[in-house]
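> build me a model:
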Amino acid sequence: MSTPLSVPSAVGGLGHGRLKVRTTAEQQELKRQERTQKLNKFQAGFNRASQKRLNKEYDKESLLITGQLLAANPDVSTLWNYRREIIQHLLDVKPKEEAQLLCSEEQEFLEACLRVNPKSYGVWHHRSWLLNKMPTPDWKTELQLCNKFLEYDERNFHCWDYRRFVVKQSGVSAEEELEFTSDKISSNFSNYSSWYYRSKLLPVVHPSPDGSGRAAEDVLLKEFQLVQNAFFTDPNDQSAWFYHRWLLGKGEQKLEVDCLYVSLDPPKIIVRLTKPVKVGSNGVALSVSVQGKQLSNVHWQNSASSSLYGSLWECSLQDHLVHGSDCQDIAVELNSSEHTQLVTCALGADQSEAKAVSSSSFCCSEMTAAKTETLTNELESCKQLEELEPNNKWALLTIVLLMRAIDPLRYQDDTSRYIEKLQDVDSVRRNYYRDLESKYKIENLLERRLHYENCVELNGIALTALYYMEYLATVSEIDFSSNKLSSLGQCCHLRCVKCLVLDDNVIVSCDGLQGLPLLEDLSLRNNNISTIEGLQPLNACAQLRKLAINGNPVTQTHDCEQLKLVIPQLSYLSH
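Residues are numbered from 1 along each chain as shown. Next comes the predicted model:
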């Protein structure tokens, strides 16, 4: 009698001659169990390492435990910190030869970690720490390591940062590194890190003689050809466009007094600087002299009281300026690490205010014929690219930037048309382009020097944001009506404004107007102020006497008497 063949159970794998396939739910459950098991092991190891650290145990076992944990997850900074403590202890007690061997073994461990995760911040940081501790570091090998990992991923910015560290320590010349960026860019234009590194190297290798911190002009002009090749090759890659934008930059502005304003009523000085600083620290000081006598205990106040840094500073001259006296000479001296500058201003016997202002252009810098020609050619090239790629936002935006660099007033209408097109092409950033156009419109006003007048009109020009309000600090009447303003934060700089018109905007709060020292007449008709809190900042405007808020939702919910309780200094309220 023959023995029948046994049929494998379906649970074991084969059933009726077929392999049982696990369901999705079963697979997910198995993966969950595996993850839980790994997590439990990691947690147990982490707890063990934490206890050893608490006990100040800096032995080889501690090194082994942290190594196993970091190999599994190299992004736990606590473990790296403990590992550094262990290595530091071992380096302190070992002779030089053994210390060198320990560091070499740690280098191998770190390279293994990098092969798992080449963009681990913890690994690269630990490696830079280790090399600084190593008795005899081999910087040439480290540079080769950087080259290897940049071959894997040429945009690994962690590796680029480490490379800069290695270059600094090893004494590799900036010229060699500049050549390295040329090689990387030529092999792949879409390498933002190479472009960025290049922008840092050019001013070092070819510094501008004017001390601006920029590269020499002739070098920069040659760079335009390189970057043009890049964006014609791939117009949609942003790396080259950002570099092009850097080439158009003006460099760091020199710290100077741009405007000195002296007022007799109230007696005070306003100083406008060319860039934000903290007066009284970081080597920046302002001193005041009246009739040749330097004043002591002068207290400077930043117009943007919410910030320590600012470009607009004022101080009281109470008891130092006299009504009806002969011509009074006022001088302000700026002392900084950059240089010393003396600015003087004469207040005549029949004057209540006087000012001394810089004669330099606000937007336009003096350009050589070579630079003008290069930028004009760049503009034509970008327009040619626009014909090929009519909806390329980078080309459109660069056309705008080039026109602003060449002659902002000449191209102002063209600039507006291109920004309007950008709003359609790149609609996600529509509000950004509207704010950008607002910025340009105010720059144009400053370029025409209209801010030197006592009355400035910026009404009905579709402003969505305010810029450069520190340049309107000495203006007494300003009209911002019929725009699209929603925020007034920049208005804190309007230190001399007496009459301010903000009708027909979309303002929801008066925040930014509080503390304007001379504001007397304010019109906010037809805005979106709906709460008492939206008007509360006006309580701090001590001179405010006249307020118009017709057409705001708050007038529908609060009567005139309720509103006057919020702003008791008012003598007239148009409700």
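> break down the stretch 351-500 of the chain into its strands, ranges please.
All strands of the stretch 351-500 of the chain, identified by DSSP state E, counting those that start in this stretch, fall at 353-357, 455-457, 477-479, 499-501.
> what helices or strands is the first one leaning on?
Applying 3 or more CB pairs under 8 Å, 6 or more residues apart in numbering; DSSP states H and E, one finds that strand 353-357 contacts strand 257-264, strand 340-347. Heads up, the C-betas are built off the backbone N, CA and C, glycines and all.
> most tightly surrounded among the ones you listed?
Mean neighbours per residue, mean count of other CB atoms under 10 Å, is largest over these for strand 257-264, with a mean of 22.
> what are the contacting residues of that strand?
268-274, 317, 321, 323, 330, 332, 334, 341, 343-345, 347, 351-358, 473-474, 496 (CB atoms under 8 Å, 6 or more residues apart in numbering).
> could you dump the strands of the stretch 351-500 of the chain to a markdown table with mean pLDDT?
Formatted as a markdown table, the strands of the stretch 351-500 of the chain follow (pLDDT from 0 to 100):
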| stretch | mean pLDDT |
| --- | --- |
| strand 353-357 | 88 |
| strand 455-457 | 94 |
| strand 477-479 | 97 |
| strand 499-501 | 98 |
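> related to what we said a few turns ago, what's the closest of the helices and strands packed on strand 353-357 to residue 289?
Closest to residue 289 of those, according to CB to CB: strand 340-347, at 8.9 Å.
> chain center to the closest one, what's the gap?
Chain-centre distance of strand 340-347: 33 Å, with CA atoms, centre = their mean, to the nearest Å.
> state the mean pLDDT of it.
Average pLDDT, strand 340-347: 91.
> with stretch 68-83 instead?
On average, stretch 68-83 scores 93.
> returning to what we had before: dump the strands of the stretch 351-500 of the chain into TSV; add mean neighbour count and distance to residue 536 as well.
TSV is the format used below for these (neighbours: other CB atoms under 10 Å; distance: least, CB to CB, whole Å):
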stretch	mean neighbour count	distance to residue 536
strand 353-357	17	31
strand 455-457	15	27
strand 477-479	19	22
strand 499-501	20	17
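> could those be laid out in CSV, adding distance to residue 162?
Listed next are those as CSV, based on distance: least, CB to CB, whole Å:
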stretch, distance to residue 162
strand 353-357, 48
strand 455-457, 52
strand 477-479, 52
strand 499-501, 54
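> so for residue 165, which of the ones you listed sits nearest?
Judging the strands of the stretch 351-500 of the chain by CB to CB, what sits closest to residue 165 is strand 353-357, at 45.8 Å.
> got the contact list for the closest one?
258-264, 343-348, 452, 474.
> how far does that strand sit from the chain's center?
33 Å.
> now it against strand 340-347, angle please.
150 degrees (axes from the mean of the first three to the mean of the last three CA atoms, to 10 degrees).
> tell me the angle strand 353-357 makes with strand 257-264.
Between strand 353-357 and strand 257-264, the angle comes out at 170 degrees (the same axes, to 10 degrees).
> and strand 353-357, which strands flank it?
Paired neighbours of strand 353-357 in the sheet (DSSP bridges): strand 257-264 (antiparallel).
> where does pLDDT dip in the stretch 351-500 of the chain?
Counting by pLDDT under 70, the stretch 351-500 of the chain contains low-confidence ranges at 361-365.
> which stretches of it form helices?
For the stretch 351-500 of the chain, applying DSSP state H, counting those that start in this stretch gives helices covering 369-388, 393-406, 412-425, 430-447.
> what does the stretch 151-300 of the chain give?
Under DSSP H, counting those that start in this stretch, the stretch 151-300 of the chain gives helices at 157-170, 174-187, 192-205, 217-233, 238-247.
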